[in-house]
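A.B. asks: Here is my input; please provide its structure:
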Amino acid sequence: MAILQAFLDTENKGNKLKGLSKRFTYLFSGLTYLAFSLFAAKRILGQKDSGGDNSKSLAENILNQPGGQWLLGIVALILAGIGIYQIWYGSSEKYRKHVDEQKLDKKASRSLMRAGKIGYISRGIVWLVIAFMFIKAALHSNAAEAGDTSSAFVFVENSTYGNYLLATLGLGLICYGVMNFIRAGFEKFNN
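C.D. replies: Just a heads-up that it's a prediction; the model follows:
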């Protein structure tokens, strides 16, 4: 959906700098989802990623650059910004503007919006955990401390009440997936 929004300009963002930057964020988001989907498909089919942990490889490459610790710290801050934005986006219910709620009955609309709020907040938390791991990797100049989504889940699981927190986070991400699946059928497109 996001890739279509980027190329077809379904929301009439235009071709000026502000519109193109918004469309670029749609493209980036869509490619991120595509990468996660391919990773999940590989895991489901039992194929291991031959390249190892991509986050650790990325962190290692960044740390090997001049000023690598600073660069990795900047990456961590960007990841934290994404997490904070996701939590704000969910809390403020900004995603509502993309759903044609008039096509849904009241109960379904309320459930969809609640799932969206829970989902975006859960997603933001995952981004913040990943950012925390990248910050640790930058501070200690140790790429092994950086992590991806899987590492974030392990981190949460190993914390106090980890199983409960991980289950809650998992349910939140399921809400996010369900909300987006249903939302796709009721998306508002500007003509």
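A.B. asks: ok, for the residue sitting nearest the centre point of the chain, nearest residue in space, not its chain neighbours?
C.D. replies: Nearest to the mean C-alpha position of the chain, by C-alpha atoms, centre = their mean, lies residue 123 at 5.7 Å. Closest residue in space to residue 123, ignoring its immediate chain neighbours: residue 86 at 4.9 Å, by C-beta to C-beta, 6 or more residues apart in numbering. Using the backbone N, CA and C atoms, a C-beta is placed for each residue, glycine as well.
A.B. asks: And for residue 162?
C.D. replies: Distance criterion C-beta to C-beta, 6+ apart; nearest residue to residue 162, sequence neighbours excluded, is residue 156 at 5.9 Å.
A.B. asks: pLDDT averaged over the helix or strand the one you found falls within - what is it?
C.D. replies: If you go by DSSP states H and E, residue 156 is part of helix 149-157. Mean per-residue pLDDT for helix 149-157: 84.
A.B. asks: Return the distance of that helix from the chain's centre.
C.D. replies: Relative to its chain's centre, helix 149-157 lies at 14 Å (C-alpha atoms, centre = their mean, to the nearest Å).
A.B. asks: quick one: buried residues of that helix?
C.D. replies: Residues 149, 151-153, 155-156 are the ones in helix 149-157 that count as buried (16 or more other C-beta atoms under 10 Å).
A.B. asks: now, which of these sits nearest residue 61?
C.D. replies: Minimum distance to residue 61 across the buried residues of helix 149-157 is 17.2 Å, recorded for residue 151 (C-beta to C-beta).
A.B. asks: For that closest one, give its distance to residue 137.
C.D. replies: 11 Å (C-beta to C-beta, to the nearest Å).
A.B. asks: How about residue 106?
C.D. replies: Using C-beta to C-beta, residue 106 is found at 47 Å from residue 137.
A.B. asks: what about these two, which has more around it?
C.D. replies: Between residue 106 and residue 137, residue 137 has the larger neighbour count (other C-beta atoms under 10 Å), namely 27 against 8.
A.B. asks: my guess is the more buried one meets residue 145, correct?
C.D. replies: Yes - Residue 137 is within contact range of residue 145, at 4.0 Å (criterion: C-beta atoms under 8 Å).
A.B. asks: Any buried residues in the longest helix along the chain, and which?
C.D. replies: Determined from DSSP state H, the single longest helix within the chain is helix 106-140. For helix 106-140, a neighbour-count test (16+ other C-beta under 10 Å) marks 109, 111-113, 115-135, 137-138 as buried.
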